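# Can you look at this prediction? I've put the sequence above it.
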Amino acid sequence: MTQQLSLFPNSPLDMLNRVQEKRLADLEVALNPVDEVFTASTRLRNSRNFMELLDFIARFPNYSAFNGLLLYIQDSSATYVATARTWAKKFRRRPGQNARPLVILAPMAPIRFVFDIRDTEGSPIPSDLLKSVEIGAQLSDRVYSNTRQNCSFQGITVCETSLGQDTTGTTARSTPALRKQYKDLEIQKDTSYLVHLNRTHSLEERYSFLVHELGHIFCGHLGIDRYAWWPEREDLNISGEEIEAGCVAYLVSRRIGLLTCPEKYLFDYVGENQEIPAFSLNAVLQAVSYVEEMGKHRWKEPRKRRRN
């Protein structure tokens, strides 16, 4: 406790007292179910403000999408945040006397305090620290291959064939008729969902389409099998489905620097300065977090059965 608090210029009690009542109220709202927050917010239901939220979350790829939402609710003008320990160790900076802690969720702990760069003081700020995620980056082969490989643990078979330049791909629930139609493809025996990609498209385009379709699956638009961790939501209207899948593709792509078709596709459904149709932001953020984990490394454990 003493070692951690020595990073602050004042006493621990002073620091905690600086967490203003408004910020605690913001946190209480943020920790309520995400969809209740979104539904109750007239501001966030405006398409322009909603895209601002998505872009904000995309600017913090080192934090989970859920933590990006928490940061936005507490301080939508934040640009670069880190814990007091990180500021001291990496940048020789520390929270200023009037610094306002921002609260995020932490692994192996309930919460963690972080501070925006403008609330810190000390050594000069590195010139490249505030650079946004570089848009237009090339996709790593490893991210694509890991994601595709890990699909098998969710009952998803991903196939690539030549489909013509104008076709990005298709996705469907696996049925006997579908297996017969694609009998020449290597469809795994326990496949519940088939994602068919166009191999003539670039790696970035294939990945973006795959992520979009995983958004449909993980948001429950294609139903569930007995292994699914996601809810069944097949009754959602087409606009809601496409907004959710589009948001998943947009966030995952932007958070690794890709600029591909998800942007225009999402804009077509969200519109400009309009009220967004009802959808589940919670389902979107869950799907984003899961897809991002899929790209980090190849899983070794088979998916666990959830339903009897």
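Right, received. Where do you want to start?

# Mind jotting down where the strands sit in the protein?
Listed from the start of the chain, the chain has strands (DSSP state E) covering 81-82, 93-95, 102-106, 109-116, 120-122, 156-161, 169-173, 193-198.

# Quick one: distance of the third one to the chain centre.
In this case it means strand 102-106. Taking the mean of its C-alpha atoms, strand 102-106 sits 16 Å from the chain's own mean (CA atoms, centre = their mean, to the nearest Å).

# Can I get that strand in PDB, CA atoms only?
Extracted in PDB, the C-alpha atoms of strand 102-106 (Å, rounded to 0.1, in the frame of the first residue of the first chain):
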ATOM      1  CA  LEU A 102     -10.600   7.400 -14.100                       C
ATOM      2  CA  VAL A 103     -11.900   3.900 -13.100                       C
ATOM      3  CA  ILE A 104     -11.600   0.900 -15.300                       C
ATOM      4  CA  LEU A 105     -12.200  -2.800 -14.800                       C
ATOM      5  CA  ALA A 106      -9.000  -4.900 -14.100                       C
END
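
# Run through the neighbouring helices and strands of it.
With contacts defined as 3 or more CB pairs under 8 Å, 6 or more residues apart in numbering; DSSP states H and E, strand 102-106 has these neighbours: helix 21-30, helix 65-74, strand 109-116. For the C-beta atoms, the positions are set from N, CA and C on the backbone; glycine is no exception.

# as a whole number, average confidence for the last one?
It stands for strand 109-116. Taken as a whole, strand 109-116 has an average pLDDT of 92.

# cool, and the first one?
What helix 21-30 shows for mean pLDDT is 49.

# can you start the count at 27 instead of 1 from here on
Sounds good: first residue 27 from here, last item helix 47-56.

# Nearest residue to Glu268 in space, please, no chain neighbours.
Tyr295 (5.0 Å; CB to CB, 6 or more residues apart in numbering).

# Give the burial count for that neighbour, as a bare number.
20 (other CB atoms under 10 Å).

# contacting residues for Leu79?
Leu70, Leu95, Tyr98 (CB atoms under 8 Å, 6 or more residues apart in numbering).

# which one of those is nearest Val60?
Nearest to Val60 out of the contacts of Leu79 is Leu95 (CB to CB; 6.8 Å).

# The closest one touches Val60, doesn't it?
Yes: with contacts counted by CB atoms under 8 Å, Leu95 reaches Val60, the gap being 6.8 Å.

# Tell me which of these two has more neighbours.
Leu95 (25 against 19).

# pLDDT at that one, what is it?
Reported pLDDT for Leu95: 94.

# Contacts only, for it.
Ala56, Val60, Leu79, Ile83, Leu307, Leu311.

# so which of those comes closest to Ser279?
Ile83 (12.3 Å).

# show me what contacts that closest one?
Ala91, Gly94, Leu95, Tyr98, Leu277, Arg281.

# doesn't Leu189 make contact with Thr226?
Yes: between Thr226 and Leu189 there is a contact at 7.2 Å, judged by CB under 8 Å.

# picking that back up, taking the contacts of Leu95 one by one, which sit in helices?
Ala56, Val60, Leu79, Ile83, Leu307, Leu311 (DSSP state H).

# Chain neighbours aside, what residue packs nearest to the fifth one?
Just to be clear, that refers to Leu307. Per CB to CB, 6+ apart, closest to Leu307 is Phe64, 4.4 Å.

# so that neighbour makes contact with Val310?
No: using CB under 8 Å, Phe64 is not in contact with Val310; the gap is 9.7 Å.

# OK, contacts around the residue nearest to Glu268?
Ser265, Glu268, Ile269, Gly272.

# tell me the contacts of Thr112?
By CB under 8 Å, 6+ apart, Thr112 has no neighbours at all.

# Near the residue nearest to Leu307, how many other residues are there?
Residues lying near Phe64 (other CB under 10 Å) number 20.

# one step back: of all the contacts of Leu95, which comes closest to Leu236?
Out of the contacts of Leu95, the member with the shortest distance to Leu236 (by CB to CB) is Leu311, at 18.8 Å.

# okay, now the nearest residue to Ala108 once chain neighbours are set aside: neighbour count?
Closest residue to Ala108 apart from its sequence neighbours, by CB to CB, 6+ apart: Val140 at 5.9 Å. By other CB under 10 Å, the residues close to Val140 number 24.
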